[in-house]
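A.B. asks: generate coordinates for the sequence data below:
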Amino acid sequence: MTNWQEDIVLDCSGLNCPLPVLKTKKIMDGLDSGQVLKMISTDPGSVNDVAAWAKRTGNELLETVADAGEYTHFLKKRH
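C.D. replies: Here you go, the predicted model:
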C-alpha cells in the first residue's frame, strides 16, 4: 500500500450503493485541484463504482486497498 497524504477522510462504512459515491462526489466537488480524498467503505460494490465514477468525472483514482471487508479509496481532484 502506498502512503498517500490525504487532505480529507470520508468514512462511508455501513453505507450501500449509491451512497458512498454520492458522498464522495459531494466532498470532491469542494476540494481544490490536487487535493486527495481518502474514502473508506464496507460496500464491496464501491470498488467498481468509485473506479467508474473517477473515470467518468476525470478525477484520478490513485489506489484502492481491500482489507478484511473494508475498502479504502484514494482519489485526487483533477480540475
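
A.B. asks: hang on, residue 16 packs against residue 49?
C.D. replies: No - counting by C-beta atoms under 8 Å, residue 16 sits too far from residue 49 to count as a contact (10.3 Å). Where C-beta positions appear, they are placed from N, C-alpha and C, glycine not excepted.

A.B. asks: those two - which one has more neighbours?
C.D. replies: Set residue 16 next to residue 49 and count neighbours by other C-beta atoms under 10 Å: residue 49 wins out with 18 against 13.

A.B. asks: where does that one sit: helix, strand or coil?
C.D. replies: Secondary structure of residue 49, reduced to three states by DSSP: H, G, I helix; E, B strand; the rest coil: helix.

A.B. asks: residue boundaries of the strands in the protein?
C.D. replies: 8-12, 36-41, 60-67, 70-76 (DSSP state E).

A.B. asks: just how off-centre is stretch 54-73 within its chain?
C.D. replies: 5 Å (C-alpha atoms, centre = their mean, to the nearest Å).

A.B. asks: what's the end-to-end length of it?
C.D. replies: End-to-end distance for stretch 54-73: 11 Å, by C-alpha to C-alpha, to the nearest Å.

A.B. asks: same question for stretch 56-73.
C.D. replies: Using C-alpha to C-alpha, one end of stretch 56-73 lies 16 Å from the other.

A.B. asks: anything in contact with each of residue 16 and residue 49?
C.D. replies: Contact criterion C-beta atoms under 8 Å, 6 or more residues apart in numbering; residues shared by residue 16 and residue 49: residue 43.
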